[in-house]
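> Need coordinates for the below:
(4 chains)
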Protein chains: 4
Amino acid sequence: MTMTYEQAIAALIETGRRLDNRGWAPATSGNYSARLDDGSIALTVSGRHKGRLTRDGIMRVDLEGQPLTAGKPSAETDLHLAIYRLFPEVGAVLHGHSPEAVGLSRAAAEADAWILRGHEMLKAYPGHTTHAVEVRLPIVENSQDMAVIEAAVRPALLAPGAIPAYLIRSHGLYAWGKDVDEAERVLEATEWMIAAERAERGFRQAWTR
Amino acid sequence: MTMTYEQAIAALIETGRRLDNRGWAPATSGNYSARLDDGSIALTVSGRHKGRLTRDGIMRVDLEGQPLTAGKPSAETDLHLAIYRLFPEVGAVLHGHSPEAVGLSRAAAEADAWILRGHEMLKAYPGHTTHAVEVRLPIVENSQDMAVIEAAVRPALLAPGAIPAYLIRSHGLYAWGKDVDEAERVLEATEWMIAAERAERGFRQAWTR
Amino acid sequence: MTMTYEQAIAALIETGRRLDNRGWAPATSGNYSARLDDGSIALTVSGRHKGRLTRDGIMRVDLEGQPLTAGKPSAETDLHLAIYRLFPEVGAVLHGHSPEAVGLSRAAAEADAWILRGHEMLKAYPGHTTHAVEVRLPIVENSQDMAVIEAAVRPALLAPGAIPAYLIRSHGLYAWGKDVDEAERVLEATEWMIAAERAERGFRQAWTR
Amino acid sequence: MTMTYEQAIAALIETGRRLDNRGWAPATSGNYSARLDDGSIALTVSGRHKGRLTRDGIMRVDLEGQPLTAGKPSAETDLHLAIYRLFPEVGAVLHGHSPEAVGLSRAAAEADAWILRGHEMLKAYPGHTTHAVEVRLPIVENSQDMAVIEAAVRPALLAPGAIPAYLIRSHGLYAWGKDVDEAERVLEATEWMIAAERAERGFRQAWTR
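You can find the predicted model right below:
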């Protein structure tokens, strides 16, 4: 499922354009990566607008984060690499910033997870074949030290039934998959369920009056 | 009102692009079909993103769901076929996933229908000529067994004054019409009324303070 | 400020595309018109999707509504013509359906107007030079008899300080101006203020807890 | 970081298109400027739709606001010039109108600032390297006298830790940066945090029931 560097450049530019159209890539936020067929990682460089990426907005690093091409990798490179090291089958990691997911993480101020239950959309998570389950979307506290975030979230990522996504409070959503398409599907599905639950609350409030 | 296979392919690709632009086709959700002039059905295959369909994302099945071309039909094929068998005049069936409709179906947790009343937009339903009516949008429980959903919703579809749409709880909206354009109009109009009622609640809450 | 028929066709097609992109033209809703340099009116025909208008989606009628070209004029033609007869300086009338405006009209269930006050955006109404005013957006009950709507709203349109817009409850917004551009500005500005007031309520509700 | 007039024209036209796509440039609202390499200012002219700017929608003025090319400068030119005079390093100023920011300014009716705290997105403000801060987004009363607005907001702009943005109540947001890209990033980031806080309130309301 891995890609050449050229394929990864094209795929990450296009994904950035789509995530920005959905409002999930404001300012220079977000960062995206893909595992290449030589085992290195293509990754967005720091400080670019993800809705208008160009070739020089993507660079290569090895699994320890050492640059293999020119450029300054994203400050969150280590969170991407941790996923690739934990899960050998993962081919892409996407990190987006949506107002809905961040609003949720702030409203659920003390919670270490948001429970998603009963959604048909849960079937977008690989290996899930029914809506009749509940899954935990882990929420971890934000930090400027990636090692702190990574250590805090790792147990949840390895728990039985874990989904390929987590939310950093007041920050944004990480999602991954075997390739860029699957990672984008996981991101879209998770954001969509959060949006649906916001709409649910909009309807419920008047419902009870 | 039926189409050739080539016409159906073009129409369903274009419809998918539009529904995705409105946010109603996240991940690989949704499925769309059209009745062809030879009585068979053109249908989206399983597992594709509906906003970026290509020719090989559409296949043909007969009215019993037997594939007539290569491909794995959508898991919800039987819900499409049930509509075509019940209503010989129907030429297209569209199934989309919007956060608003799903949020509504979850908020109205015990209800078996949502009442739409007084909307000028009700005239978008074929045969309706006034806003001064109320109609029932049936809500049926979700299941991974299409026969269960179909049996549960059928009485509502055959009731006097039934509209060509129903909602599966925590899942999404089905809509149909004599052709793809009419089915899309029914889907858009239904989603629009749900969005208007959500906005109504947003205004009402402060109204009473 | 009037246009040729060819200019009106191009302008109304483009306006429809923009209003649909904003979500204000679902199904076949809305209708648009422009006064031509021979005194006749270019008008959208009945039953077309306004986001995908083509040349044959526009026809010509005289000021009494008699067709001058082939086509069935919109059912709401008389509301357009009433504006042109009341206000000789008006060159275009636009009628859109937004969830926000309709939600507002339903929440303000008994009100015959919505008061807009303090918005800088009020300066989008021709002749308005300050935000430090309040204006009335008339709300009239819906009817399938255009003469009933027209008679009910006319006094508000002729009142001192009237703005070039009104809202039909559970239906949509009418807006007009000296030309298509000005009518679209009035429509956009009015919808924008309604959206801002909905956002205001979203912030206020938590504000008081 | 300054630009030629030709570069500024291209950049401001493109920025207008993007801000309009996000819904922040309704009717003829908003105005944008950039400092040129000769010390003069390129600025949008009065009365144009900012989503559809053309070359003649941009003009040049000197730092006192005297026109150097044909055209009537925006009524808010003085607010742009005040920023350029206060901050020699500033290369661009953008003023947009979003429903969310204006809704917030109206909900926070008596407040002279909105506190943004804990957002990773705060790092979009130049010089900010952590989310673990709180910043004040100044809110100033609207006026048709630009000198009144400018005098009222200036102390907040010069306060320690000030961010390059402020909000005029019931009117809209000003944002600036060393160049057009940075100003747009500041505007996007600020609007995004406001949208996230609105979403937060949408989730919180049901949370407490």
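> Where does chain A get nearest to chain C, residue-wise?
Per CB to the nearest CB, A:Q205 is where chain A lies closest to chain C, at 8.3 Å. To be clear about C-beta, it is placed using only N, CA and C from the backbone, and glycine gets the same treatment.
> Pretty sure that residue sits against D:Q205.
Yes. Counting by CB atoms under 8 Å, A:Q205 does reach D:Q205; the two are 5.9 Å apart.
> what's the pLDDT at the most centrally placed residue in chain A?
Geometric centre of chain A, nearest residue: A:Y174, 2.2 Å, by CA atoms, centre = their mean. On the pLDDT scale, A:Y174 is placed at 98.
> thought it was touching A:V93?
Yes. Taking CB under 8 Å as the definition, A:Y174 is a contact partner of A:V93 at 6.7 Å.
> Could you tell me which residues touch both of the two?
Residues within reach of A:Y174 and of A:V93 at once, by CB atoms under 8 Å, 6 or more residues apart in numbering or on different chains, are A:L79, A:I83.
> Residue of chain A nearest chain B, please.
A:A199 (2.7 Å).
> For that residue, which residues are in contact?
B:P99, B:E100, B:V102, B:G103, B:L104, B:R198.
> thinking again about what came up before, so which helix or strand takes in the residue nearest to the centre of chain A?
strand A:172-177 (DSSP states H and E).
> next one: A:R60
strand A:58-61.
> What's the per-residue pLDDT of the residue of chain A closest to chain C here?
On the pLDDT scale, A:Q205 gets 72.
> What degree of burial does it show, as a neighbour count?
Look at A:Q205: counted by other CB atoms under 10 Å in any protein chain shown, it has 19 neighbours.
> Where does it sit: helix, strand or coil?
The three-state label given to A:Q205 by DSSP: H, G, I helix; E, B strand; the rest coil is helix.
> Give me the below-cutoff pLDDT ranges for chain A.
Applying pLDDT under 70 to chain A flags residues A:1, A:206-209.
> what do you get if the cut-off is 80, keeping everything else the same?
Within chain A, the stretches with pLDDT under 80 are A:1-2, A:205-209.
> check contacts around the closest residue to chain D within chain A.
In chain A, the residue that lies nearest chain D is A:G103 (2.7 Å; CB to the nearest CB). Counting by CB under 8 Å, 6+ apart, A:G103 touches A:R198, D:A195, D:A196, D:E197, D:R198, D:A199, D:E200, D:R201, D:G202, D:F203.
> Surely the second one is within a strand?
Same thing as D:A195. No. Checked against three-state DSSP, D:A195 lies outside a strand; its state is helix.
> for chain A, what spans make up the strands?
Secondary structure of chain A (DSSP state E): strands at A:31-35, A:41-44, A:58-61, A:92-96, A:113-117, A:134-140, A:165-168, A:172-177.
> and of these, who's closest to C:L53?
With CB to CB, the closest approach to C:L53 among these belongs to strand A:92-96: 35.1 Å.
> Does that closest one reach chain B?
No. Interface with chain B: strand A:92-96 contributes nothing (CB under 8 Å from any CB of the partner chain), its closest point being 12.9 Å away.
> Direction included, what does that strand pair against?
With DSSP bridges as the criterion, the sheet partners recorded for strand A:92-96 are strand A:31-35 (antiparallel), strand A:172-177 (antiparallel).
> okay, the angle between the last one and strand A:134-140?
Compare the direction of strand A:172-177 with that of strand A:134-140 by axes from the mean of the first three to the mean of the last three CA atoms, to 10 degrees and you get 130 degrees.
> of all the strands paired with strand A:92-96, which gets the most neighbours per residue?
strand A:31-35 (a mean of 29; mean count of other CB atoms under 10 Å in any protein chain shown).
> Contacts for it, please.
Residues contacting strand A:31-35 (CB under 8 Å, 6+ apart): A:2-3, A:8, A:11-12, A:15-16, A:41-44, A:50, A:74, A:76-77, A:80, A:84, A:90-95, A:179-180.
> from the middle of its chain, how far away would it be?
10 Å (CA atoms, centre = their mean, to the nearest Å).
> Dump the C-alpha coordinates for it into CSV.
Provided in CSV are the C-alpha atoms of strand A:31-35 (Å, rounded to 0.1, in the frame of the first residue of the first chain):
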residue,chain,number,x,y,z
ASN,A,31,0.1,18.2,8.7
TYR,A,32,0.0,15.1,6.5
SER,A,33,2.3,12.2,5.8
ALA,A,34,2.6,9.0,3.8
ARG,A,35,4.9,6.0,4.1
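> Show me where chain A has its helices.
All helices of chain A, identified by DSSP state H, fall at A:5-21, A:77-86, A:99-107, A:146-158, A:180-207.
> Pick the most buried one from the ones you listed.
helix A:99-107 (a mean of 26).
> hmm, stretch A:136-143 touching chain D?
Yes. Using CB under 8 Å from any CB, stretch A:136-143 reaches chain D at A:N142.
> Next, the contact list for A:E191, please.
Each residue near A:E191 by CB under 8 Å, 6+ apart is listed here: A:R22, A:W24, A:G96, A:S98, A:E100, A:A101, A:L173, B:P26.
> what do you get if the cut-off is 10 Å, keeping everything else the same?
Applying CB atoms under 10 Å, 6 or more residues apart in numbering or on different chains, we find A:E191 in contact with A:19, A:22-24, A:96, A:98, A:100-101, A:165, A:173, A:175, B:23, B:26-27, B:99.
> what's the answer for A:E188, then?
Going by CB under 10 Å, 6+ apart, A:E188 touches A:18-19, A:22, A:24, A:94, A:96, A:121, A:124, A:175, B:20, B:23, B:25-29, B:49, B:51.
> can you tell me how far it sits from D:R106?
33 Å (CB to CB, to the nearest Å).
> A:K50 now?
On the measure of CB to CB, A:K50 and D:R106 end up 32 Å apart.
> any idea how far the nearest residue to A:L12 once chain neighbours are set aside lies from A:T44?
Nearest residue to A:L12, sequence neighbours excluded (CB to CB, 6 or more residues apart in numbering or on different chains): A:Y32, at 4.8 Å. Distance of A:Y32 to A:T44, computed by CB to CB: 5 Å.
> Give me the common contacts of those two.
Contacts common to A:Y32 and A:T44, judged by CB under 10 Å, 6+ apart, are A:L12, A:I13, A:T15, A:G16, A:K50, A:L53, A:G57, A:I58, A:S74, A:H80, A:L94, A:H95.
> If you tally nearby residues, what's the number for the fifth one?
Counted with other CB under 10 Å, residues neighbouring A:K50 total 27.
> Correct me if wrong: it contacts A:A27.
Yes. In this structure A:K50 lies within contact range of A:A27 using CB atoms under 10 Å: 9.2 Å.
> and the closest residue to A:A152 other than its chain neighbours, how far is that from A:S170?
Distances taken as CB to CB, 6+ apart put A:V140 closest to A:A152, at 4.8 Å, once the chain neighbours are dropped. Applying CB to CB, the value for A:V140 to A:S170 is 11 Å.
> what touches both of those two?
With contacts taken as CB under 10 Å, 6+ apart, the residues that reach both A:V140 and A:S170 are A:S105.
> Report the backbone C-alpha coordinates of stretch A:112-128 in CSV.
What follows is stretch A:112-128, C-alpha atoms only, in CSV (Å, rounded to 0.1, in the frame of the first residue of the first chain):
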residue,chain,number,x,y,z
ASP,A,112,-10.4,11.4,28.2
ALA,A,113,-12.6,10.1,25.4
TRP,A,114,-15.8,10.8,23.5
ILE,A,115,-18.0,7.8,23.0
LEU,A,116,-19.4,7.3,19.5
ARG,A,117,-22.3,4.8,19.5
GLY,A,118,-25.0,3.6,17.1
HIS,A,119,-23.7,5.5,14.0
GLU,A,120,-23.9,3.6,10.7
MET,A,121,-20.8,5.8,9.9
LEU,A,122,-18.8,3.7,12.4
LYS,A,123,-18.5,1.2,9.6
ALA,A,124,-16.1,3.6,8.0
TYR,A,125,-13.5,2.4,10.5
PRO,A,126,-11.6,-0.6,9.0
GLY,A,127,-12.8,-3.9,10.4
HIS,A,128,-16.1,-2.5,11.7
